[in-house]
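1. sequence first, then the predicted structure, then my questions.
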Amino acid sequence: MSSTVISHGAAHHDAHDHHHETFLTKYIFSQDHKMIAKQFLITGIVMAVFAMVLSILFRIQLAWPEKDFPILEVFLGKWAEGGRMKPEFFLSLVTIHGTMMVFFVLTAGLSGTFSNLLIPYQLGARDMASPLMNMLSYWFFFVACVIMVASFFVESGPAAAGWTIYPPLSAVPTSIPGSGLGMTLWLVSMTLFIASQVLGGVNYVSTVLNMRTKGMDLWKMPLTIWAFFLTAIVGLLSFPVLVSAVVLLFFDRSVGTSFYLSDLVVQGQILPNEGGSPILFQHLFWFLGHPEVYIVVMPALGLTSEVISTNSRKPIFGYHAMVYSLVGITVLSFIVWGHHMFVTGMNPFLGGVFMITTLIIAVPSAVKAFNYIATLWRGNIRFTPAMMFAIGMVSFFVSGGLTGLYLGNAALDINLHDTYFVVAHFHLVMGSASIFGMLCGVYHWYPKMFGRMMDTKLGYLHFWLTFIGAYLVFFPMHFMGIDGVPRRYYAFTAFPFMEKWVSVNMLITWAAIIAGLAQVAFLWNFFSSIWRGKKATQNPWNANTLEWTTPVEHIHGNWPGEIPTVYRWPYDYSKPGHDTDFIPQDVPFSETMSSNLPHDFEGNEEAIRIQNEWNKANNREIIEG
Amino acid sequence: MDTTEYKTEELLQSRKAKKFNLWLGMIGMFMMFAALSSGFIVYTASGVDKGIKTLLPVAFTYSTIVILVSSLTLHLAFRAAKLEQLSKQRMLLLVTIVLGLVFFAIQLHSWSVLAERGIYFVNNNASQSFIYVFTGLHLAHIIAGLIVLVRCYLGALKPIPFPDNQFRMNLAIIFWHFLDLLWIYIYVFLLLNQ
C-alpha cells in the first residue's frame, strides 16, 4: 500500500507546488510557515540590534553622567544638545529598550520564529491550521515594529513612562514630553502587536491539537512543542486582558474618562478627572505582564531541552516531569501577578497569598534546572555552539532564578522594589536566559531554515564574549540594588549616596559595549552563512525529531510524499543494543528489535510476545534497571 | 487510497482546525470582557459613591430580544443551507443581517437615553463609563459579525460549492451565537450591578 500512497501524495503535492508563486507571494506575503518563521526571525534580529543600541546609549549616560560626547549630537540632534543626553530622552530609551526586547524580540522573535518553524515540522503537518492567519500575524507584528520605531521621529519623542506604562504618567499627555504623541503611537503599536500574538497563538494551539501526524500522540511530542503549545495558551488567555487595559488607558488619555485618573495637578493646572484608580491599571497590566515573562522564557526552555538532549546523546532526564513542570508554570503564572504590586498598599494578607504562589513557582523551575543537569550528567556531550548557548541558558536561568526567591518575598521586596536588584534579576532569568535560548535555537535550526551551516568558530567567539559580558553587566547590579540604588535614574552624580556606584557603572558599560560588539560576530555569521555557509546535510546533528526527515530544500507541504508516521518518543539517544546512537521518531520498533525494551510497547501484548520470541531466538537478555 | 480521497482527508483536517481556531479566538475575546468585568468589580468596590447608580435603559431588553431572534433566524438559515434551499437561506440571512443592524441601532439609542439622564461617557464615576465600554466593545464585535454574515450572503448569492457554503455558514453561526451569548452575559452582569 505504502508505495502507491507515496506516488499519489507526490502527485498531489506537485500540483500544489505549481500554483504560480510570484516574488510577492513567496518572499513577502508568504503563507508558508517556514518563510514566515524566517520573517519573524530576521525582523526580531533587527529589533534586537536596535534595542541593544538603545541600551548602549543609556549605558553611556550612566557611566559618564557629567561628560559631553559631541558625537551623540550628530546622531541624536536635539535629544543630545551639546553632546549630553537629555533626561527625557534617557527615559524614552529605557522605555523603548524594554518594550522592544520583551515584546518584539523575546515574544515575537522567539516564539514567532520557532513555533512557526517547528510546530508543523516536528508534528508532521504540511503547514499551520490557518496559513492566512499566520501571515496576518507576521504583518501585524511588522507594522507594530514600524510604528514603534517611527515614534523616534515624533517631535515630542517616543513613549517615556517605562515599559509598564503606569498611569498617571502615561495617561496625562501633558505630564512629560514622552506622554504625548509618542505614547499614543506606543499604544497603537502594542494593540497591533497583541492582535498579531493572538492570531499566532490561536494558530499554534489549534495546529498542535489538530494537525499531528499519525502516531504522534501528545506524549510523543518533543518538549519544544509542549513549550510552544503552553506558551500559546498563556498568550491567548493573557494578551486580551492587556487590550482591555490599553482601551481604558486610551479613553483616559484621549476622551477624558477617569478610569485610572484622580486628583491630579499638572503644571499648576487641576485636572478634571476624579475617582479613578491607577492601581486598577496595575492589576490589569500585570495580569498580562507576569504571564508574559513565561511567554518569554518557556519557548527558550523548550528549545534548550531539545538541544541539550540531542547534544548529550542522552534521553532528556524526566520527560514527564519536564512536561508537568511546564504545565505547573503555566497555571501558576496566572495567580502571581500581585508580587509586582507588594508596595502599592496591598492588603498584607493578599500579599501573603501572592508570596506563597510566587515561591511555589520555584518548584517546577527547579525541577527543570535539575533535569537539565541530570541530562548532561555522564552524557557524551558535543559542544556545538547551540549546546554552549543551551548550557548558558541554564546558567542564567539558575543564577537569575535564585534572586527571584528574594524578590518574591513580600517583606524583602519593600527594600528591593524598584532597585537595580530587580533589574539584575529579570535581565538574567528572563532576558539573558531567553536570548540564549533563542540563540541556541538559531544555531541549532539554522541548517533547517537556510540549508547551510553557521561557522562554528565564530559561534564560540560569540558565545564566550556574550556569556561573560552578560554576567559582567548584570551581576554587579545586585549589589547596587541591595544598596538601594533605584532603577531609571538619569544621573548617579545627582545623589551623594549613589555617587560611589559610578565606577561600577563604567565597568558595566564597558562590558555592555564589548558584548554588543560581540554581536557583530553573530550578525556576520548569520547573514553571510545564508549564501556562503557550508551546505547542510539532511540531519546534521543526528537528531530524532521529524523536521530532519524533510529534504534540505524547502518545498511547499514539507514532505515530498506521505507524511512520516511516528512510532516512538523523540529522545531515543544512545539506546543500548542499537547500532547508531540515535533512532528517529519515524523508525518502527520492528526495525530496532535489538534495542527494544518491554516498556516501549505500552502494554501491547502481541508486540511484547513477538519481541520475546525474537529475544529468545537471538540470545538477547534484557536487564532493565 | 486515491488522490481525491487523500485531498479530502487533509481538507477535513484543516477545516476542523479552522473551526477550532474560531473557538480559541472566542476564548480570547471572552478573556477581554472578563478582564473588563473584573476591572469593573474592583473599581466599583473602591468607594460607596461608585457603581452604576441608575436603572439600565429599557431599550437593552428590546435589543436582547432582537439579537435572540436573529440567532434563531440564522439557525434557520443554516438549516436551509444544509437542505440546499439556497433562496430560503439567502432570505433568512438577509433577515439576520437586518436584525443585527437593528440591534446596533437600539444599542446606540440606549446610549442617548443614558446621556439624556446625564450619564455621560466622560464621568467621574467610571462605573458608569464602563457601561459604554462594555456595550461599545460588544458593538465592535457585532460589526465583525455582520461582515461575516455579509460574506455568507455573498457566498450564497454566487453560489459557492455546497460544502464551502455549509462550512462558511457553520463558522458564522458559531460566531453569531457567541456574540448573542456575550451580550446576554454583559447584560446580566450589568443588571446584577445596577
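-> Nice, thanks for sending it over. Computed from a prediction, not measured in an experiment: that's the story for all the values here.
2. where does chain A dip in pLDDT?
-> Along chain A, segments meeting pLDDT under 70 span A:1-20, A:623-625.
3. switch the cut-off to 50
-> A:1-18 (pLDDT under 50).
4. looking at it, which helix is longest?
-> The longest helix of chain A (DSSP state H) is helix A:278-312.
5. and that helix, anywhere near chain B?
-> Yes. Applying CB under 8 Å from any CB of the partner chain, one finds that helix A:278-312 is in contact with chain B at A:L280, A:H283, A:L284, A:F287. (Each C-beta comes from the backbone N, C-alpha and C, glycine too.)
6. so which of the residues you listed wins on neighbours?
-> Counting neighbours by other CB atoms under 10 Å in any protein chain shown, A:L284 leads those with 27 neighbours.
7. burial count for A:I610?
-> 16.
8. can you tell me the helix or strand for it?
-> helix A:605-617 (DSSP states H and E).
9. distance from the chain centre to that helix, please.
-> Taking CA atoms, centre = their mean, to the nearest Å, one finds helix A:605-617 lying 46 Å from the centre of the chain it belongs to.
10. and that helix, what's buried?
-> Residues of helix A:605-617 classed as buried by neighbour count (16 or more other CB atoms under 10 Å in any protein chain shown): A:A607, A:I608, A:I610, A:Q611, A:N615.
11. need the residues you listed in CSV (columns: distance to chain B).
-> Shown next, in CSV, are the buried residues of helix A:605-617 (distance: CB to the nearest CB, whole Å):
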residue, distance to chain B
A:A607, 25
A:I608, 31
A:I610, 27
A:Q611, 30
A:N615, 35
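12. just say helix, strand or coil for the residue in the stretch 451-600 of chain A positioned nearest to chain B.
-> At 8.8 Å from chain B, A:E562 is the closest residue in the stretch 451-600 of chain A, using CB to the nearest CB. Following DSSP: H, G, I helix; E, B strand; the rest coil, A:E562 is assigned to coil.
13. could you count how many residues lie near A:R620?
-> A:R620, neighbours per other CB under 10 Å, totals 15.
14. hang on, the earlier thing: what angle do the helix or strand following the longest helix of chain A and helix A:278-312 make?
-> Under the assignment DSSP H and E, the closest C-terminal helix or strand after helix A:278-312 is helix A:319-332. Taking axes from the mean of the first three to the mean of the last three CA atoms, to 10 degrees, one finds helix A:319-332 and helix A:278-312 inclined to each other by 170 degrees.
15. so how far is the helix or strand following helix A:319-332 from its chain's centroid?
-> Beyond helix A:319-332 in the direction of the C-terminus, DSSP H and E gives the next helix or strand as helix A:348-360. Offset of helix A:348-360 from its chain centre (CA atoms, centre = their mean): 26 Å.
16. can you check stretch A:591-602 too?
-> Counting by CA atoms, centre = their mean, stretch A:591-602 comes out at 36 Å from the chain centroid.
17. now it - C-alpha only, CSV.
-> The C-alpha coordinates for stretch A:591-602 follow below in CSV (Å, rounded to 0.1, in the frame of the first residue of the first chain):
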residue,chain,number,x,y,z
GLU,A,591,13.4,-2.3,12.6
THR,A,592,15.0,-2.0,16.0
MET,A,593,14.5,-5.4,17.5
SER,A,594,18.0,-5.4,19.1
SER,A,595,17.3,-2.4,21.2
ASN,A,596,13.6,-2.5,22.1
LEU,A,597,12.6,-2.6,25.8
PRO,A,598,9.4,-4.1,27.2
HIS,A,599,8.0,-0.7,28.2
ASP,A,600,8.4,0.6,24.7
PHE,A,601,5.3,-1.4,23.8
GLU,A,602,3.0,0.3,26.3
